[in-house]
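Student: Fold the following and give me the result.
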Amino acid sequence: MTKPNYDSSFIAELTALRRDLHRVPELSSEETETAKRMAGWLADCEADEVITGLGGTGVAGVFDSGVPGPAILFRCELDALPIHETGIPNWRSKIAGKGHMCGHDGHMTILCGLARRLQAVRPKRGRVILLFQPAEETGAGARGVIDDVRFKSIKPDFAFGLHNLPGMKLGDAAIREGSFCFASEGMTIHLSGWTSHAAHPEDGRSPAGAMLTLAEKLPALPRDLGMEPGEAIVTLSHARLGEPAFGISPGEAWILATLRARTDEMQARLMQAARDLANKAADAAGLQLEISTAERFAACSNDAEPTAIVRKACEEAGIACAEADGPFRWSEDFGLFGRAAPSAFFVLGAGEDHSQLHNPDYDFPDEIIPRALAIFETIAREQCG
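Tutor: Modelled structure (predicted):
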């Protein structure tokens, strides 16, 4: 197919949209106004069907040729982060303590651009589905969308997604078949004994020793399980022992840890080992134990055929596409779409010196909007005409 080429006024429209979205971020599962705007954009682009409230606040636009053919899904994220923006662009966040510090404003804009292109040149066969997913940052969004009974009507033959990546050459792509992003899950361990006067700690039951044991042994779990270096990691993210008072021997402790592994199977082993370790430490100290988990992400693994489709699209669009070195340790709930259909997820460079994702001064690089759009449009045209 002919390499996509976009005029400057179209790119200016998309850039303005991206910056408007940046000004009004909404957190996971709260993306009501953002979702309304995306639904309105899809309606303006004459999508054949606009589905709202998908998995919570999700929105999907369906461009249906009416002719038999593949269903191709492109996914982006609606949500922002609870981070106060310290950068000073003219389009900085208007909402204190909230910001698009992961670039989801840019990802939405790319799909909005694709909607405009599908309005101008309709698919000739099959369907193109544009999914604006809620709650990616908490890991709840993809699961909510897939569990929604209406997802069956848009279940794709292939699913594609991308993420911008600081530290990588601006506008270049990278992908790999197989493992792409780690699975991850947060674990909270709550240890309960009872307090005593600090002058008589023997009359209480302090969780201090058990807490220190867990703080030492949790990060060592991947090694103890025989996992290869780089295949799994346990990060202690928070710890609290009792109350900040000199006169009280503590009676409670909390440890928060994030556990990550290359595959879902390895992740399950890691999580069970952490539970077993916490139970052993609590039992040894005569403590009560409560364990809770949150923000569960499946591993993201790229299937062979859609990965090849992405590589071919990059070549036809004139965009360099490297082999990603190995799976990324960060997580992406796009991985769940791989259970619904063959899928591929890739990264697009945000610039080698660009602020990192989740930094308070991060801002999506508008220069990569047309490049990402070209990749997605090339895939859509190759599959659906």
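
Student: hey, which helix or strand in the protein has the poorest pLDDT?
Tutor: Least confident helix or strand of the chain, by mean pLDDT, DSSP states H and E, is helix 337-340 with a mean of 95.

Student: Convert the C-alpha atoms of that helix to CSV, please.
Tutor: The C-alpha trace of helix 337-340 is given here as CSV (Å, rounded to 0.1, in the frame of the first residue of the first chain):
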residue,chain,number,x,y,z
PHE,A,337,-6.3,-9.1,25.3
GLY,A,338,-3.8,-11.8,24.2
ARG,A,339,-6.2,-14.3,25.9
ALA,A,340,-9.1,-13.1,23.8
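
Student: Walk me through the domains of this protein.
Tutor: 8-179+300-384, 183-297 (automatic domain parsing).

Student: re earlier: which strands or helices does the least confident helix or strand of the chain pack on?
Tutor: Identification of packing neighbours for helix 337-340 by 3 or more C-beta pairs under 8 Å, 6 or more residues apart in numbering; DSSP states H and E yields helix 141-147, strand 158-166, strand 300-302. (Glycine included, C-beta is placed from N, CA and C.)

Student: The first one - what's its average pLDDT?
Tutor: Model confidence over helix 141-147, given as mean pLDDT, is 97.

Student: What helices and strands are in contact with that helix?
Tutor: Against helix 141-147 (3+ C-beta pairs under 8 Å, 6+ apart) you get strand 58-64, strand 127-133, helix 337-340.

Student: rerun at 10 Å
Tutor: The contact analysis (3 or more C-beta pairs under 10 Å, 6 or more residues apart in numbering; DSSP states H and E) places helix 141-147 against strand 49-54, strand 58-64, strand 71-77, strand 127-133, strand 288-297, helix 337-340.

Student: now swap in the last one and tell me
Tutor: Contacts defined by 3+ C-beta pairs under 10 Å, 6+ apart place strand 300-302 against strand 178-181, helix 337-340, strand 343-351.

Student: again, only this time at 7 Å
Tutor: strand 178-181, strand 343-351 (3 or more C-beta pairs under 7 Å, 6 or more residues apart in numbering; DSSP states H and E).

Student: Dump the C-alpha coordinates for the last one into PDB.
Tutor: Right, the one you point to is strand 343-351. Output of strand 343-351 as PDB, limited to C-alpha atoms (Å, rounded to 0.1, in the frame of the first residue of the first chain):
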ATOM      1  CA  SER A 343      -2.200  -9.800  19.900                       C
ATOM      2  CA  ALA A 344       0.900  -7.700  19.500                       C
ATOM      3  CA  PHE A 345       2.200  -4.800  21.600                       C
ATOM      4  CA  PHE A 346       5.100  -2.600  20.700                       C
ATOM      5  CA  VAL A 347       6.900   0.500  21.800                       C
ATOM      6  CA  LEU A 348       7.700   3.800  20.000                       C
ATOM      7  CA  GLY A 349      10.600   5.900  21.100                       C
ATOM      8  CA  ALA A 350       9.800   9.100  22.900                       C
ATOM      9  CA  GLY A 351      13.400  10.400  22.700                       C
END
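
Student: That'll do, ta.
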